[in-house]
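Novice: only geometry, no sequence info:
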């Protein structure tokens, strides 16, 4: 951010290990379309694909995975341009391509079906995939994310969407501002976690954030929300929502076709506010909807 020309020199593994033991026990990088997609994994059992949001990486799921991995295969990719995943500067941020990307991740792992957990930007990727490939989902868990065309952008998104202004905001958003703003989003965002997220929020990620937000005007979602509700009616869904979210209103939680589970004292990062409860609800939902016997 401030006067930063690129990623910080410390590799992701360095500061992750510094803060807490790494819960992910294996990883790989696979080619998915034009991207090199980094995937961290832990555990064995029913496969669960966990999609993070902005400004996170797969590490946002660490506390949840530490519980889930005892009996589930947890698969946490870094989205294109985030963390250790690489994407071209002209990456296609259309809903169609986001769906193709998620499909490519599953194909690269030789998974015909999986359970999915999606948050924030990861919800847009995940619900685009769900809309076009509902038959590949065993279950779906949605955390604080929007998929509706009448959504009103939050303060930072409005700035990022403006050419020139967004670049300036990214240039002046130094560590102190980044950490302060992130911690306002959820009670469970510790200084340690926010510092860790900042360390991986380099030039490529900031460019991807600007590109994604400029491509994803809410009007782009027009019709996709209806298709999702219609075509995914048979997909077992649950919604877990932190109501103190300053970015997505709590009323959004009740629009996904199922009764949402609200947490009135939690914010945007519910997986950081209540990791054990989130892990329990995911596990129960997954275990209640196993893959059909061959």
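Specialist: Nice, I can see it. Small disclaimer: the values here were computed from a predicted structure and weren't measured.
Novice: wouldn't residue 78 be in contact with residue 32 here?
Specialist: No - with contact defined as Cβ atoms under 8 Å, residue 78 does not reach residue 32; the gap is 11.2 Å. Glycine gets a C-beta too; all of them are placed from N, C-alpha and C.
Novice: more crowded one of those two?
Specialist: residue 78 (27 against 22; other Cβ atoms under 10 Å).
Novice: And that one, how close does it get to residue 226?
Specialist: The spacing between residue 78 and residue 226, counted by Cβ to Cβ, to the nearest Å, is 31 Å.
Novice: ok, now residue 197?
Specialist: 34 Å.
Novice: Neighbour count for the two, which is higher?
Specialist: The residue with more neighbours, out of residue 197 and residue 226, is residue 197; 22 against 13, by other Cβ under 10 Å.
Novice: tell me the contacts of the spatially most central residue of the chain?
Specialist: Nearest to the mean C-alpha position of the chain, by Cα atoms, centre = their mean, lies residue 52 at 1.9 Å. Contacts of residue 52 were listed using Cβ atoms under 8 Å, 6 or more residues apart in numbering, and they are 58, 60-61, 76, 78-79, 82, 119-122.
Novice: Could I get the pLDDT score of it?
Specialist: Note on residue 52: pLDDT of 98.
Novice: again with residue 219
Specialist: At residue 219, pLDDT is 87.
Novice: Just to check, it is in contact with residue 149?
Specialist: Yes - under the criterion of Cβ under 8 Å, residue 219 makes contact with residue 149 at 5.7 Å.
Novice: May I ask which helix or strand encompasses residue 138?
Specialist: strand 137-143 (DSSP states H and E).
Novice: Quick one: list the elements packing against that strand.
Specialist: The elements that strand 137-143 packs onto, with contact taken as 3 or more Cβ pairs under 8 Å, 6 or more residues apart in numbering; DSSP states H and E, are strand 114-119, helix 121-132, strand 237-242, helix 275-287.
Novice: Return the distance of the following helix or strand past it from the chain's centre.
Specialist: Tracing the chain past strand 137-143, the next element assigned as helix or strand by DSSP H and E is helix 155-160. Its chain's C-alpha centre and that of helix 155-160 lie 19 Å apart, by Cα atoms, centre = their mean, to the nearest Å.
Novice: buried stuff in helix 155-160?
Specialist: For helix 155-160, a neighbour-count test (16 or more other Cβ atoms under 10 Å) marks 156-157, 159-160 as buried.
Novice: do stretch 264-279 as well
Specialist: 266-275, 277-279.
Novice: now stretch 138-152
Specialist: Applying 16+ other Cβ under 10 Å to stretch 138-152 flags 138-148, 151 as buried.
Novice: and what of stretch 172-186?
Specialist: 173, 175, 178-179, 182-183, 185-186.
Novice: Relative to residue 215, which of these is nearest.
Specialist: residue 173 (20.7 Å; Cβ to Cβ).
Novice: So in terms of bridging, what pairs with the residue nearest to residue 126 when sequence neighbours are not counted?
Specialist: Nearest residue to residue 126 in three dimensions, chain neighbours excluded: residue 118, at 3.2 Å (Cβ to Cβ, 6 or more residues apart in numbering). Taking DSSP bridges as the rule, residue 118 bridges to residue 51, residue 142.
Novice: and residue 118, how many residues sit next to it?
Specialist: Residue 118: 27 surrounding residues under other Cβ under 10 Å.
Novice: again, but for residue 56
Specialist: Based on other Cβ under 10 Å, the number of other residues close to residue 56 is 26.
Novice: hang on, it packs against residue 194?
Specialist: No - using Cβ under 8 Å, residue 56 is not in contact with residue 194; the gap is 10.4 Å.
Novice: ok, now which ones touch the residue nearest to residue 185 when sequence neighbours are not counted?
Specialist: With sequence-adjacent residues excluded and distances taken as Cβ to Cβ, 6+ apart, residue 185 is closest to residue 268, at 4.3 Å. Applying Cβ under 8 Å, 6+ apart to residue 268 gives the contacts 120, 144, 185-186, 242, 244-248.
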